[in-house]
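>>> Here is the input, now give the coordinates:
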Amino acid sequence: MKLDLSAGSIHTTLIDGLPHIVLKPAVEDLGLDYSTQLAKLRKRSWAVVGQSPTTGSDGKTYNMAVIPVRTFLMLLATVNENRVAFLQRKTLVAFQNETADAIEAYWTKGGAINERATDEQLDALEQQIEERRIRRALGLVQLIAAMDDTVDPKWKRSRQLHHYAEAAGEIAEIPAADRALLVETYLKDRGLTDGERRSVRSSFGRRVSLAFQMQYGEKPKDSIGLVDGRERQVKSYTEADRPMFDKVWDEFYADRYPAQQQFGEAS
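As a prediction, this is how the structure comes out:
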């Protein structure tokens with residue numbers, strides 16, 4: 001089989017179902033000395049070098065050094081392009097650039113997709129992503145279950161239902177009165193900008209909390225919410241409390257944000 005890179009293809013052999021590169025022809029095609037590169041690999045902790053019966057260019061079978069793809073790509077990154085013959089330098093640099101792009105995408109975007117990936121490779125990658133998504137959703141269910149009694153049980157139940165449905169690829173059917181309503185969500189519904197929400201979030205939240213205590217005779221419980229892109233501990237309310245939010249808004253903020261008042265009513 002072949003490993004397809006932007007600068008060309010490299011022949012590989014399967015060992016335990018995984019592709020390995022026959023070292024000698026691969027490095028010599030790049031104008032590198034085989035003995036030097038083999039000796040270098042044997043001194044590196046990240047390198048894995050094995051032996052495998054391999055058919056040579058003359059059609060005969062030889063016991064040749066083979067390395068996993070990851071070892072080969074690491075090897076390429078350590079080669080000084082200025083010590084490679086001019087004709088092979090362009091190929092080496094292309095290999096290094098493609099590897100560097102893939103590494104950057106891995107760390108900054110969560111992964112990289114090879115433009116030359118086969119349908120089978122894409123299907124396998126999609127399956128891995130799906131399995132990871134399911135594990136994450138079920139992990140969140142367990143994490144929520146482990147939260148102590150200070151966290152609102154209604155919020156815990158609604159979030160668990162949401163993540164159970166997420167794991168199953170469905171949308172959770174949660175009664176409107178049990179759906180979480182956060183101060184941040186309400187202010188977004190009112191159409192406030194990021195700066196306006198930061199300006200009124202604290203005072204609005206305190207007034208809603210006081211209104212909740214006056215109505216129910218107890219403080220609202222805690223939950224976890226996304227605020228400014230970060231998960232934070234916030235007070236827990238449900239959509240059943242929205243009329244209370246509206247009352248606080250109308251009494252203290254409607255005159256200050258008339259445009260947002262209209263937006264909130266329209267939504």
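>>> name the helices or strands packed onto the longest helix seen in the chain?
Using DSSP state H to define each element, the chain has its longest helix at helix 119-145. Judged by 3 or more C-beta pairs under 8 Å, 6 or more residues apart in numbering; DSSP states H and E, helix 119-145 is in contact with helix 153-167. Just so you know, the C-beta spots here come from the backbone N, C-alpha and C atoms, and that holds for glycine as well.
>>> relative to helix 119-145, how tilted is the helix it packs on?
170 degrees (axes from the mean of the first three to the mean of the last three C-alpha atoms, to 10 degrees).
>>> ok, residues contacting whatever helix or strand comes next after helix 153-167?
Once the chain leaves helix 153-167, the next helix or strand it forms, by DSSP states H and E, is strand 180-181. The contact list for strand 180-181 (C-beta atoms under 8 Å, 6 or more residues apart in numbering) reads 155, 158, 159, 223, 225, 236, 237, 238, 239, 241, 242, 245.
>>> Farthest-apart pair in those residues, please.
Of all pairs drawn from these, the greatest distance, 20.0 Å, lies between 159 and 245 (C-beta to C-beta).
>>> hmm, back to that, relative to the whole chain's centre, how far out is the longest helix of the chain?
The gap between where helix 119-145 is centred and where its chain is centred comes out at 11 Å by C-alpha atoms, centre = their mean, to the nearest Å.
>>> in that helix, what's buried?
The neighbour-count criterion (16 or more other C-beta atoms under 10 Å) identifies 137, 140, 141, 144 as the buried residues of helix 119-145.
>>> For those, work out which two are farthest apart.
Within the buried residues of helix 119-145, 137 and 144 form the most distant pair, 11.0 Å apart (C-beta to C-beta).
>>> can you give me phi and psi for residue 12?
phi -130, psi 170 (degrees, to the nearest 10).
>>> which parts of whatever helix or strand residue 100 lives in are buried?
Counting by DSSP H and E, the element that carries residue 100 is helix 86-109. In terms of neighbour count (16+ other C-beta under 10 Å), helix 86-109 has its buried residues at 88, 91, 92, 95, 96, 98, 99.
>>> wait, which of these is closest to residue 107?
residue 99 (13.0 Å).
>>> Check this structure and tell me which residue is nearest its centre.
residue 110 (4.7 Å; C-alpha atoms, centre = their mean).
>>> quick one, what contacts that one?
Per C-beta under 8 Å, 6+ apart, neighbours of residue 110: none.
>>> Doesn't residue 148 lie inside a helix?
No. Counting by DSSP: H, G, I helix; E, B strand; the rest coil, residue 148 is not part of a helix but coil.
>>> Residue 231 versus that one, what's the distance?
Relative to residue 231, residue 148 is positioned 17 Å away (criterion: C-beta to C-beta, to the nearest Å).
>>> What of residue 163?
14 Å.
>>> Could you do residue 76 as well?
40 Å.
>>> Quick check on these two: which one has the bigger neighbour count.
residue 76 (21 against 9; other C-beta atoms under 10 Å).
>>> was I right about the more buried one contacting residue 96?
Yes. Contact criterion C-beta atoms under 8 Å: residue 76 and residue 96 qualify, at 5.6 Å.
>>> follow-up on the earlier one: okay, and the common contacts of residue 137 and residue 144?
Counting by C-beta under 8 Å, 6+ apart, the shared contacts of residue 137 and residue 144 are residue 163.
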